[in-house]
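J.: using only what follows, build the 3D model:
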Amino acid sequence: MSNHDKNEVIAKMKGMWSDFYSSHLGWTKENLSKKHGPCPYCFGKDRFRFTDELGQEKGNGAAICNQCGNDSGVGWVMKCSGMSYSETIDTLGDWLNLVPVEVISKANKRASRTSPYKMGAQIDHERCLEIMERTERVESTPLSTYEGIYSEFGFDVGRTKSGELIHAVPCFMAYSDGLSDEMCNVMFINEEGDVSYAAKDYTRQSVSVIGAFKDDEYAYLVDNWIDGIRVHLATGNRCVLVCYSSYNMEMVAYALRNHKLRVACRLDRELLCVADDRNVDVVIPNDEYSFKSGIRKKIYKASDLLNS
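T.: Presented below is the predicted three-dimensional model:
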């Protein structure tokens, strides 16, 4: 008989399976990449894929092998270790007791997140890390000097072979319970201000974050990074979420609908319509056209600006 409650153990393992597989069963990055690769049980070269999803249940450690079949996390641990069901539950329960509660809670939360949209282009967090690790931090760039923007933390940049500085800005998914901890893409901005992405396009429902996102403070939605820096400075370093486009801003505003949001924009009809549709208040530049002029203290209803 197991010393741990199976329902409690399986619930707490949600989102934790890849850590257990690598630490206890020796599964490699190839096994856990969620792409076709070698099976850790039958050793077939290209017949296995870790999905972490069986049926409609996400984060349950599932994987599929064209020879060994489809099974949940418990099934794969039993298969690869030779343990019985009760022994597997005990081993998982003992391991969970050694993991800090906040780590388990964060993993459970991450594995439970779902979205009604197809997110389009994105890359793995590990690939984003590789990109960001190749950057350096500088106080200014030709683009920041030209635009008259600065950051108290500096700017992360990469260098081309010709010496051009390219801003590298991480992207994170937005969900109803907040922002993801892991990156899903990286935005690049060259010295002319042209924007591109590591995943070839921006990831739907993702943002780049300027400042600290806090539940009890307003976050400002903007459609481009340069305006984002200016709004961040003009609001006393409040959090700004760069949404890349009006279409994506609407998705982000919906995802974060339970959080305190404002749209910061020029008198742009598309952005004002997003704010109006999502019932989000608006702040505008002093001169109505550019946040280089500062920001008005007045908070507007989008409908009033659309009708003026």
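
J.: list the buried residues in stretch 224-237.
T.: 224-235 (16 or more other Cβ atoms under 10 Å). Glycine gets a C-beta too; all of them are placed from N, C-alpha and C.

J.: so what touches that stretch?
T.: Applying Cβ atoms under 8 Å, 6 or more residues apart in numbering, the contact partners of stretch 224-237 are 147, 149-152, 167, 169, 187, 189, 193, 195, 208, 210-211, 220, 222, 238-242, 244, 264-265, 283, 291-292, 294-295.

J.: how many neighbouring residues does the residue nearest to residue 61 when sequence neighbours are not counted have?
T.: Closest residue to residue 61 apart from its sequence neighbours, by Cβ to Cβ, 6 or more residues apart in numbering: residue 73 at 2.1 Å. Using other Cβ atoms under 10 Å, residue 73 is surrounded by 25 other residues.

J.: also residue 76?
T.: The tally of other residues near residue 76 (other Cβ under 10 Å) stands at 24.

J.: show me what the strand or helix carrying it is packed against.
T.: Here residue 76 is covered by helix 73-81, with elements defined by DSSP states H and E. When contacts are defined as 3 or more Cβ pairs under 8 Å, 6 or more residues apart in numbering; DSSP states H and E, helix 73-81 sits against helix 17-20, helix 85-98.

J.: at 6 Å what do you get?
T.: In this structure, helix 73-81 packs against helix 85-98, with contacts taken as 3 or more Cβ pairs under 6 Å, 6 or more residues apart in numbering; DSSP states H and E.

J.: packing partners of the helix it packs on?
T.: Helix 85-98 packs on helix 6-12, helix 73-81, going by 3+ Cβ pairs under 6 Å, 6+ apart.

J.: got the contact list for the longest one?
T.: Applying Cβ atoms under 6 Å, 6 or more residues apart in numbering, the external contacts of helix 73-81 come out as 17, 25, 40-41, 60-61, 63, 88.

J.: for those residues, which one is nearest residue 121?
T.: residue 63 (25.2 Å; Cβ to Cβ).

J.: worst-scoring helix or strand of the chain, pLDDT-wise?
T.: helix 101-112 (a mean of 61; mean pLDDT, DSSP states H and E).

J.: CA atoms only for the helix or strand just after it, dumped as PDB, please.
T.: Once helix 101-112 ends, the next helix or strand along the chain (criterion: DSSP H and E) is helix 125-133. Provided in PDB are the C-alpha atoms of helix 125-133 (Å, rounded to 0.1, in the frame of the first residue of the first chain):
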ATOM      1  CA  HIS A 125      12.400  29.400 -23.600                       C
ATOM      2  CA  GLU A 126      15.800  27.700 -23.900                       C
ATOM      3  CA  ARG A 127      16.400  29.100 -27.300                       C
ATOM      4  CA  CYS A 128      15.400  32.600 -26.100                       C
ATOM      5  CA  LEU A 129      17.900  32.200 -23.200                       C
ATOM      6  CA  GLU A 130      20.700  31.300 -25.700                       C
ATOM      7  CA  ILE A 131      19.900  34.400 -27.700                       C
ATOM      8  CA  MET A 132      19.800  36.700 -24.600                       C
ATOM      9  CA  GLU A 133      23.000  35.200 -23.200                       C
END
